[in-house]
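# the following comprises the amino acid sequence and a computationally predicted model.
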Amino acid sequence: MKAGRPLSEEPYVAQIFADIIESGARSGELAPGLVPERVGSLLRDVYFDALYRWSQHTQAGRASELDGELQAALKVLPYGIASVEHV
C-alpha cells in the first residue's frame, strides 16, 4: 500500500483472514455456512479502514491508538459471525 495514490494490495491479506475463518468454522467456533473469502475481505476492509482513520487522527494531531481503532471496529463483528454456542 502506498500513500498518495489509490490503495491497493495483493489479495493475500484477505486470504489469510479467510483461512482463519475457515478454520474457525470447521472447529465450530464460527457459524457454519460462512463464505470464508467474503468474511476475509470484510476483515481486510475493516483493518484498512481502521488504519486509514488512525492515520487521519495522527495527521490531525489527535492522539489515537491503532489498537483502539481496530478493537472498536471489530467489536461489531463477532456477534454476526460467531455460532450461537460461542456468543
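Perfect, I can see it now. All of these numbers come straight from a predicted model, not from anything done at the bench.
# which residues does the residue lying closest to Arg44 once chain neighbours are set aside contact?
Nearest non-adjacent residue to Arg44, counting by CB to CB, 6 or more residues apart in numbering: Ala14, 4.3 Å away. In short, each C-beta sits where N, CA and C put it, glycine included. Taking CB atoms under 8 Å, 6 or more residues apart in numbering as the definition of contact, the neighbours of Ala14 are Glu37, Gly40, Ser41, Leu43, Arg44.
# the same query, at a cut-off of 6 Å, please.
The neighbours of Ala14, taking CB atoms under 6 Å, 6 or more residues apart in numbering as the test, are Gly40, Ser41, Arg44.
# okay, now Ala50: neighbour count?
Neighbours of Ala50 under the rule other CB atoms under 10 Å: 20.
# CA atoms of the helix or strand encompassing Ile20 as PDB?
Assigned by DSSP states H and E, Ile20 belongs to helix 12-27. The C-alpha coordinates for helix 12-27 follow below in PDB (Å, rounded to 0.1, in the frame of the first residue of the first chain):
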ATOM      1  CA  TYR A  12      -3.100 -12.200   0.300                       C
ATOM      2  CA  VAL A  13      -4.400 -10.300   3.400                       C
ATOM      3  CA  ALA A  14      -8.000 -11.200   2.700                       C
ATOM      4  CA  GLN A  15      -6.900 -14.800   2.100                       C
ATOM      5  CA  ILE A  16      -5.100 -15.000   5.500                       C
ATOM      6  CA  PHE A  17      -8.200 -13.900   7.200                       C
ATOM      7  CA  ALA A  18     -10.300 -16.300   5.000                       C
ATOM      8  CA  ASP A  19      -8.100 -19.200   6.100                       C
ATOM      9  CA  ILE A  20      -8.600 -18.200   9.800                       C
ATOM     10  CA  ILE A  21     -12.400 -18.000   9.300                       C
ATOM     11  CA  GLU A  22     -12.400 -21.400   7.500                       C
ATOM     12  CA  SER A  23     -10.500 -23.000  10.400                       C
ATOM     13  CA  GLY A  24     -12.900 -21.400  12.900                       C
ATOM     14  CA  ALA A  25     -16.000 -22.700  11.000                       C
ATOM     15  CA  ARG A  26     -14.500 -26.200  10.800                       C
ATOM     16  CA  SER A  27     -13.900 -26.200  14.600                       C
END
